[in-house]
Structure formats: structure tokens, C-alpha cells
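*Asks:* the sequence and its predicted three-dimensional model are supplied below.
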Amino acid sequence: MCGLLCESWSNYFAGMLFAQLGDELPENLKSWLGWRYISDLCLGLAFVVVAASPGQLPCVAVAASPGQDAPRWSNIAPYGDFFLAPIFGLRALSCSLTEGNLATAADKSEYLQRGYLDTLLSSHLLVEAAQCSFGAYILQRPVGESIKVVVKSFEGDPAVSLPASFWVMHQVSCWIAGVALTKFVEAPIARVISLQLTARA
């Protein structure tokens, strides 16, 4: 849990750093036409890193539990974003600058366009799914544990093995929970905060 919290906070601060960097860059860099290629390059590099990583990533030491004599070793993959926060931070920065240039440009020339991968991924269905993807991600562990409890309670045996279709149930349930979290929790809170900020302005 401590490792998960540390990673979450580090990703949060990395996002803040790149957001601030976008404000501090000089105008000639903000208007650079090559940001779209940086965005595509970051996304391709992230895919290569994940695809090329072995199934068992390097382990990290975890503090010994009560009754254990030595620290145990834990695979970092369950928490893993494969240390891609800097790459995705740079990609978010490049996407933001590209969209800003598109919004302010009077002449939409062929050189001032989104990256090829960004254009491909900007379809309506993918955008809708992306809005709920974070909810599905952060709820995967509690949803998985809940399904295990329910399945084993129906079987009446806590030691019973889970069915082969468990991963399908897990994925579908995570997305259902992610959609519910986004539509009924995050969206209303975002509207309230937006109204308050507008009123103060």
C-alpha cells in the first residue's frame, strides 16, 4: 500500500511539473510545429517499453510483516506504470501545446495538425472510454477482491479456486464500476467545482 501511495503521489507531482512547464515555456517553443511528432514518439515509446518488458519485472524490497524475520520481495508490476510517468507527462505537454496552437492559429495549414496517433485515438468511442478508464484502473483491486468474496461465498468454501472466467468478470466489473464512478461521482463534483470557480471569477 505504501508503494502504491508513493507512486501515485510521484505521478501526481510529475503531472504538476509538466503542467507548470507548459506555462513557463517561451512562446517560440510553444508554437513549435514539431510537438505533434513528440506526442506520437512518446506514445510509441511507451508501447515499446511495455511490450518489451519481461513478465517478471525487477522486484523491490518490502518491509517485513509481523512474524517475518526478513523483508520480502515484491514484484513491482501490480503497481506498475513501468515508470512511464515522464514519458506520458511529456506526451500530455505536447498534446496540450498542439491543441493550443490549433485553437489560436488563424490558418490551419497542413503542417499544423494533430499527431497521427492522436488523430487515430481521438475517435468518439475511444474518448468516451478514456474518460472512464481511470475509474476502472483505480477500482480494479477492490472490485477484484469483492468478486472473489462473492464467488467464494456462493461456493460455501473459502478455499475454492476461482473459475477460469474470473478475469472476464473482473474486467467487465471494473469498467462498469469505472463508468459509474465517472458519471455519478466525478462528473457532478467537477460541475460543482466549476460553478464555484466561475462564481468567484
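*Replies:* Thanks, I have the structure now.
*Asks:* only C-alpha atoms from now on, for both contacts and neighbour counts.
*Replies:* Will do.
*Asks:* quick one, strands of the protein?
*Replies:* Counting by DSSP state E, one finds strands in the chain at the ranges 59-62, 72-75.
*Asks:* and Ser122, how many neighbours?
*Replies:* 13 (other Cα atoms under 10 Å).
*Asks:* now swap in Cys95 and tell me
*Replies:* Neighbours of Cys95 (other Cα under 10 Å): 21.
*Asks:* now do the contacts for the most centrally placed residue in the chain.
*Replies:* Against the mean C-alpha coordinate of the chain, by Cα atoms, centre = their mean, the closest residue is Phe134 at 5.7 Å. Applying Cα atoms under 8 Å, 6 or more residues apart in numbering, one finds that Phe134 lies in contact with Gly178.
*Asks:* what's the answer for Thr182, then?
*Replies:* Contacts for Thr182 were tallied using Cα under 8 Å, 6+ apart; they are Gln131, Cys132, Gly135.
*Asks:* out of those residues, which are buried?
*Replies:* Among the contacts of Thr182, the ones that count as buried by 16 or more other Cα atoms under 10 Å are Cys132, Gly135.
*Asks:* among the contacts of Thr182, which ones are in helices?
*Replies:* Judged by DSSP state H, the contacts of Thr182 include Gln131, Cys132, Gly135 as members of helices.
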